[in-house]
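In: Got a sequence here, can you model it:
(one chain, ligands or ions: 1)
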Amino acid sequence: MTGTRLRFTKMHGAGNDFIVLNGISQDLSGITKEQWARLAHRQLGIGADQILLVEKPTVAEAEFRYRIFNSDGGEVEQCGNGSRCFVRFVREKGLTKNKTVKVQVAHTILSLTENDDGQVTVNMGAPILTNERIPFTSSGLQEKIEGKTNLYQLELSDHAVWINAVSMGNPHAVQIVQDVDTAPVAKDGPQIETHLAFPKKVNAGFMQIQNRHEIKLRVFERGSGETLACGTGACAAVVSGILRGHLDSPVTVHTRGGDLSIAWNSASSAQNPVMMTGPAQTVFEGEITLD
Ligand SMILES: N[C@H](CCC[C@H](N)C(=O)O)C(=O)O
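Out: Presented below is the predicted three-dimensional model:
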């Protein structure tokens, strides 16, 4: 693949930024983890939190498949802000005329709708709350019940934090903090990300409850570090806040890059889907030669 010329589109969803590649019109099958990381590198490459690769689906019920690579080059299961940019991309490129698109991503199919106001609504599916499926191993950790969920204590280098483990297809450890602006995201984020209780590592969410329908959120993302916004992180934080009894659906999630609206009608069933609505923005188009 070295020396291959790639066409890309740079996009962001609430400041979480992406390189989006059309893997249907370009053969990108042989790109290595190191080459993904180089493309995402802020100084040596294009720069992005994640890379989104659009491909033909492998299942009949989806129109497309899209794959997600963190800036460390690792492939992951889900990306909320990325899914909104994906649907904006395939519509802007004329790859579909549908306003609602079904896309295959890792082990699930998402349904995405571009609304008349330009915002995108995504059915993110039901949250995954069983430890084995997150995956999260709680053995040896102190635990306590709050509302309808369990909190677990993670020992960090100089203090302990109580977290709630939730998956939206990708793992999240969410905690409530008094003030997100002063929360030790840079210090505690990497320690939580690589904590042994999370065998596939984890995204670390820091949530400040403002009222029953509003939070502020910062996320230290697995494989990318702190981002201006994290869509699955916003979903996981709202699910956690509702289960803990602090939030009622819908919730406005204020991130450093913009606002997301998350709805989860858990009253009838925890298996109801989480619905996320937010922005998607194309920034520029470009070409680059893979080195
Ligand atoms: N860092 C995440 C993937 C990107 C998720 C985030 N950008 C979003 O909008 O959901 C993980 O390793 O699971």
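In: how about the residues of this structure near the ligand?
Out: Counting by Cβ under 6 Å from any ligand atom, the chain comes close to the ligand at 16, 49-50, 68, 70, 76, 79-82, 170, 203, 221-224, 227, 230-233. To be clear about C-beta, it is placed using only N, CA and C from the backbone, and glycine gets the same treatment.
In: Strands - which of those residues land there?
Out: Among the residues of the chain next to the ligand, the members falling in strands are 16, 50, 68, 70, 76, 203, 221, 227 (criterion: DSSP state E).
In: between those residues, which has the most around it?
Out: Using other Cβ atoms under 10 Å as the neighbour criterion, residue 16 leads those with 30 neighbours.
In: still on that earlier bit, any chance of the ones in strands among the residues of the chain next to the ligand in a markdown table, plus pLDDT?
Out: Listed next are these as a markdown table, based on pLDDT from 0 to 100:
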| residue | pLDDT |
| --- | --- |
| 16 | 98 |
| 50 | 98 |
| 68 | 98 |
| 70 | 98 |
| 76 | 98 |
| 203 | 98 |
| 221 | 98 |
| 227 | 98 |
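In: need those residues in JSON lines with distance to residue 148, can you?
Out: Output for those, formatted as JSON lines (distance: Cβ to Cβ, whole Å):
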{"residue": "16", "distance to residue 148": "29"}
{"residue": "50", "distance to residue 148": "32"}
{"residue": "68", "distance to residue 148": "30"}
{"residue": "70", "distance to residue 148": "31"}
{"residue": "76", "distance to residue 148": "28"}
{"residue": "203", "distance to residue 148": "22"}
{"residue": "221", "distance to residue 148": "27"}
{"residue": "227", "distance to residue 148": "29"}
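In: quick check, nearest of the residues you listed to residue 271?
Out: Nearest to residue 271 among these: residue 203, at 22.1 Å, using Cβ to Cβ.
In: Go ahead and confirm the closest one touches residue 171.
Out: Yes - assessed by Cβ atoms under 8 Å, residue 203 is found in contact with residue 171 at 6.6 Å.
In: Between those two, which contacts overlap?
Out: Shared contacts of residue 203 and residue 171, defined by Cβ atoms under 8 Å, 6 or more residues apart in numbering, comprise residue 222.
In: Could you check the pLDDT of residue 212?
Out: For residue 212, the model assigns a pLDDT of 98.
In: One more: residue 107?
Out: We have a pLDDT of 84 for residue 107.
In: and it, what is it in contact with?
Out: Here residue 107 is in contact with 77, 169 (criterion: Cβ under 8 Å, 6+ apart).
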